[in-house]
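Undergrad: sequence unknown, structure follows:
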């Protein structure tokens, strides 16, 4: 979950829930949770959503996201652009924030996680309870792979920002370093978040075919980002 998303999200409880904490939630499909939310997405989630709607990640980032590709675009009435008459039109590919709802998650640098209940819409019909645990709720939402990939992208992007901040000379030095290495600039959000374009460039550079499998492509994307960040850290 991005810091910007956290700042605009009200909490029903503090971040003190563990996976073993009593918790249950029954969705009534009132669709009110799809209003007034800033839904963060990472490159893996963008790729899943893009494939679901039949777009490349390049096209999806340009037409379905805002805030530099980090947030799903919303309509003028502040509803999610994927909200349809019958509910979420991309439910099978929905991002982690939607799968976790009505929970929010924080992960510390040492890997510990904690959860909070998010403040619901004033007229939400969802029912909170304690019939299960946080863990059993997460299991019903198929979050394991999304958590893993979100954490992996989070680590590499934090390293990238830290490395860029430490480059002497600011943006000019960053640009020179990028030009010297012939690699995509992480100051350009298309290069950072655009999984399809980055993997295509990486495969062309390494002489291999671009895989069709999304999980393979995500693994290559992380490899490409890891190599780029390592080169920045070595400067």
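TA: In hand now; what should we look at? Quantities reported herein were computed from a predicted structural model and do not represent experimental measurements. Residues are numbered from 1 along each chain as shown.

Undergrad: domain assignment for the protein?
TA: Domain assignment for the chain, taken from automatic domain parsing, gives 3-142, 148-233.

Undergrad: redo those as TSV? Include mean neighbour count and mean pLDDT.
TA: (Glycine included, C-beta is placed from N, CA and C.) Formatted as TSV, the entries for the domains of the chain read as follows, by neighbours: other Cβ atoms under 10 Å; pLDDT from 0 to 100:
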stretch	mean neighbour count	mean pLDDT
domain 3-142	16	93
domain 148-233	16	80
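
Undergrad: which residues touch the nearest residue to residue 94 once chain neighbours are set aside?
TA: By the measure of Cβ to Cβ, 6 or more residues apart in numbering, the closest residue to residue 94 outside its immediate chain neighbours is residue 88, 6.0 Å from it. In this structure, residue 88 makes contact with 34, 80, 82, 94, 98, judged by Cβ atoms under 8 Å, 6 or more residues apart in numbering.

Undergrad: if you set the cut-off to 7 Å instead, what comes out?
TA: Residues counted as contacts of residue 88 (Cβ atoms under 7 Å, 6 or more residues apart in numbering) are 34, 82, 94.

Undergrad: do residue 119 as well
TA: For residue 119, the contact set (Cβ under 7 Å, 6+ apart) comprises 10, 11, 12.

Undergrad: likewise for residue 95?
TA: Contact analysis of residue 95 by Cβ under 7 Å, 6+ apart lists 39, 41, 45.

Undergrad: which single one of those residues is nearest to residue 145?
TA: residue 45 (10.7 Å; Cβ to Cβ).

Undergrad: the helix or strand that contains the closest one packs against which elements?
TA: Secondary structure from DSSP states H and E places residue 45 in helix 43-53. Using 3 or more Cβ pairs under 7 Å, 6 or more residues apart in numbering; DSSP states H and E as the contact criterion, the neighbours of helix 43-53 among helices and strands are helix 57-64, helix 144-166, helix 195-206, helix 214-233.
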